[in-house]
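>>> next comes the sequence, and after it the predicted model I'd like to discuss.
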Amino acid sequence: MSPRPRAISSSPLRRVAVAAATVLVAAVPLGSTGSPANAATDRTWNRLANCESGGNWQINTGNGYYGGLQFSSGTWLAYNGSKYASRADLATREEQIDIAEKVLKGQGWGAWPACSAALGLDHADAVATDETLHAELQRPWRYRSVEDRGHVTPQTAITIPK
């Protein structure tokens, strides 16, 4: 007589799948609107604007920098901000963020050197985390070795792209 097969509910693969689903549900905020791929989140832009301008998206102090993210006129024009307004302080928050995404792609966080350093912004903050995590959990899981399959945890199975 052959041994009875193990119940599916206790299999290592099922435990890993349940753990992954739990990680996904816990990591993705409810009601998240998301943001375009390779874009910073609204929260990141708000943090940066709070540092740069006290969160005032229409600020013009006369120092040559305008709007919530303190664009110089040259940067605003170079990244086609004039399609929205002649200066950043005359554009909406959303329009400023649209141009800021282009600046971020072209110059990185160094375009806002003092505040990005103070806030500790890095490459991970330039990527929409909700979409990154969701996409990663949709990919087939990779194991370090065949022996690890029965003892793998979500943290060792998932590799986050850089």
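Sure thing, it's come through.

>>> can you give me the strands in the chain?
65-66, 71-72 (DSSP state E).

>>> measure the nearest residue to V103 once chain neighbours are set aside to T75 for me?
Using Cβ to Cβ, 6 or more residues apart in numbering and skipping the chain neighbours, the partner closest in space to V103 is A111 (4.9 Å). In this view, the C-beta of every residue, glycine as well, is placed from N, C-alpha and C. Look at A111 and T75: by Cβ to Cβ, to the nearest Å, they are 7 Å apart.

>>> these two: which is more packed in?
More crowded of A111 and T75, by other Cβ atoms under 10 Å: T75, with 21 against 17.

>>> next up, the contacts around the closest residue to the more buried one other than its chain neighbours.
Once flanking residues are discounted, T75 sits nearest to V103: 6.3 Å by Cβ to Cβ, 6+ apart. By Cβ atoms under 8 Å, 6 or more residues apart in numbering, the residues touching V103 are F71, T75, Y79, A111.

>>> isn't the first one up against I97?
Which is F71. No: using Cβ atoms under 8 Å, F71 is not in contact with I97; the gap is 11.3 Å.

>>> so for those two, which sits in the more crowded spot?
F71 (27 against 23).

>>> got the contact list for stretch 46-54?
Under the criterion Cβ under 8 Å, 6+ apart, residues 55-57, 59, 67-70, 93, 112, 114-116, 118-119, 121 lie in contact with stretch 46-54.

>>> and with 10 Å instead?
40-41, 55-57, 59-61, 65-71, 88-89, 93, 96-97, 100, 104, 109, 112, 114-119, 121, 125 (Cβ atoms under 10 Å, 6 or more residues apart in numbering).

>>> among those, name the buried ones.
Neighbour-count burial (16 or more other Cβ atoms under 10 Å) applied to these gives 40-41, 57, 59, 65-71, 88-89, 93, 96-97, 100, 104, 109, 112, 115-116, 119, 121, 125.

>>> can you list the domains in the protein?
The chain breaks down by automatic domain parsing into domains covering 8-31+129-157, 42-126.
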